[in-house]
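> quick one, what's the 3D model for this:
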Amino acid sequence: MSLLACLTALTLSTILLLPPAWLLHRVLIYQSQIETRFLQQQNVDRSLELIGRAIQGAGYQATTSQYRATVESIKIQKGSSSRSGDAIVLTQDIPDQLGYDCMGNALTRERTIKQQAYQRFYLEPNQNDSRTQKLMCQSVDRQGRLHQGEILNNVLSLQIDWVRANSLTHQPEISRTSTGLITITLRVQPQIGQNDPARVIEQTRYISQRHGMYNP
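This is a model prediction of the structure:
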């Protein structure tokens with residue numbers, strides 16, 4: 001076979017194989033993006049579940065407890081986190097049955113402050129990306145000292161408010177006092193398509209306070 005014939009065959013092969021190869025490459029990238037976004041959404045769900053579980057347990061008084069809570073069981077701290085993000089502090093008695101804090105530690109009498117289990121959710125700067133923040137969880141170790149861990153990264157904002165339950169059919173009405181219902185909005189920057197605001201992952205949860213005073 002002559003050199004010209006070889007070059008012609010190589011050129012034709014490249015022309016025929018390049019489009020399918022490029023298409024396969026794009027399909028694999030798209031599949032990876034879908035999987036990454038799905039995992040991020042799952043992480044957002046998990047984070048909101050952790051916060052929701054802590055809110056529902058706030059103010060709990062064990063039937064065998066000899067202590068009474070002397071502080072508010074739920075404190076929403078507006079603009080107290082990184083970049084004016086909100087934070088929430090939650091306290092409760094140790095449950096009669098086995099319970100866990102936001103870091104997966106069993107709630108025990110050793111892990112208390114003034115005989116109360118303590119959890120706080122807040123944002124702090126992301127050292128690896130100045131555009132985003134980290135959602136942190138703070139609880140108590142076995143020595144009664146505060147310690148914290150990261151539960152979600154690439155966070156853009158965390159908004160927490162008391163809302164009136166009878167306003168949910170319309171625009172939720174923010175309340176300045178405890179109402180028994182809390183709204184949490186978490187916005188996360190996806191790892192792909194970062195220049196597209198429409199792709200930002202945003203979820204809102206309405207969580208009912210199970211214990212303590214309810215003010216409609």
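> counting neighbours, what do you get for residue 142?
10 (other Cβ atoms under 10 Å). From N, CA and C alone the C-beta is placed, and that goes for glycine too.
> who touches it in this structure?
108, 110-111 (Cβ atoms under 8 Å, 6 or more residues apart in numbering).
> quick check: pLDDT value at it.
Residue 142 is assigned 91 on the pLDDT scale.
> and it, that one's in a helix?
No: applying DSSP: H, G, I helix; E, B strand; the rest coil, one finds residue 142 to be coil, outside a helix.
> now it: how far from residue 112?
10 Å (Cβ to Cβ, to the nearest Å).
> one more: residue 201?
With distances taken as Cβ to Cβ, residue 201 is found 35 Å from residue 112.
> ok, the residue most central in space within the chain - contacts?
In the chain, the centroid-proximal residue (Cα atoms, centre = their mean) is residue 47; its distance is 3.4 Å. By Cβ under 8 Å, 6+ apart, residue 47 lies in contact with 135, 151-152, 186.
> check which helix or strand covers residue 111.
Residue 111 is located outside every helix and strand, with elements delineated by DSSP states H and E.
> cool, and residue 109?
Going by DSSP H and E, residue 109 is not in any helix or strand.
> phi and psi next, for residue 57.
Torsion angles at residue 57 (phi, psi; degrees, to the nearest 10) stand at phi -90, psi -10.
> right, and it touches residue 209 too?
No: in this structure, residue 57 is not within contact of residue 209 by Cβ atoms under 8 Å, at 9.9 Å.
> list the buried residues in stretch 102-121.
By 16 or more other Cβ atoms under 10 Å, the buried positions in stretch 102-121 come out as 102-103, 105, 107, 111-112, 116-121.
> and the residues you listed as a markdown table, adding distance to residue 94?
Output for these, formatted as a markdown table (distance: Cβ to Cβ, whole Å):
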| residue | distance to residue 94 |
| --- | --- |
| 102 | 15 |
| 103 | 16 |
| 105 | 12 |
| 107 | 5 |
| 111 | 8 |
| 112 | 7 |
| 116 | 9 |
| 117 | 6 |
| 118 | 11 |
| 119 | 13 |
| 120 | 17 |
| 121 | 20 |
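> residues in contact with residue 144?
Residue 144 touches 110-113, counting by Cβ under 8 Å, 6+ apart.
> quick one: which of these is nearest to residue 52?
residue 111 (20.3 Å; Cβ to Cβ).
> so residue 40 lies in a helix, does it not?
Yes: per three-state DSSP, residue 40 lies within a helix segment.
> that one: how many residues sit nearby?
Using other Cβ under 10 Å as the criterion, the residues surrounding residue 40 number 19.
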